Each structure stands twice: as structure tokens, then as C-alpha cells.
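> just the structure for this:
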Amino acid sequence: MPEQNYNMALDSFFHVAKSDVRLSSTHINLFLVLFSHWLQNDCKSPISITRKNIMGEAKISVATYTKAIYDLHKFGYISYSPSYHPAFGSLVYLHLSDT
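As a prediction, this is how the structure comes out:
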């Protein structure tokens, strides 16, 4: 995805997020960490993540991570497919064009 397009996608997310009263700064922070991983993955979904890595980057606890990632999924900002296997990462699809 060209730089201009992902800038527009991020702008679109912020436009929607600022009027979504369900979102807290934790949700936005977590989304930005996921967005960063999506950029590192050449703007391709899904991204494979590990809870420990994402929590460290977002500087949040296990309970906060769990609630926020499921909220983002429930609210339609991402699709989250958790992996309960320690050797495999969970899959996340960012819904950038839907925001």
C-alpha cells in the first residue's frame, strides 16, 4: 500500500475513533501498535502477533490487553483470531477501509 493510502487509512481511523465513545486511550494505543506491525508486514493482513510482544510495546497488562483486543474485535476495528498454542501467534486483520 502506498504511503499516501496508509496515511489516509490512519486518518480515517482517527476520524472514526474520536467520535466512538466506546474507545479509550488504551484501545487507540493498542490499535496503533497493531497498525505498526501491519506496516512492518508490508501492509498485508493478517498479521501474526504474540500477546507478550504486543503488551510490551503497548505498555499494558494482561487483563487490559485481553479486554482491549476483544473490544476492538467486537467494535469492528479488527478481526482477531486467538491462538491458544504457545508456538503460534494469533492472527489479526485490521479493518482499515471499514473505519
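> tell me the secondary structure for P86?
At P86, secondary structure determined by DSSP: H, G, I helix; E, B strand; the rest coil is coil.
> that one: what's it in contact with?
Taking Cβ atoms under 8 Å, 6 or more residues apart in numbering, we find P86 in contact with no residue. Any C-beta I mention is one placed from the backbone N, CA and C, and that applies to glycine too.
> next up, phi/psi of it, please.
phi -60, psi -20 (degrees, to the nearest 10).
> what about N7, neighbour count?
By other Cβ atoms under 10 Å, 11 other residues sit near N7.
> from now on call the first residue 59
Renumbered: residue one is now 59, and that last one reads N65.
> just the element for it, please.
Assigned by DSSP states H and E, N65 belongs to helix 61-77.
> shaky segments in the protein?
Applying pLDDT under 70 to the chain picks out residues 59-62, 155-157.
> again, only this time at 90
By pLDDT under 90, the weakly predicted segments of the chain are 59-67, 70, 101, 142-146, 154-157.
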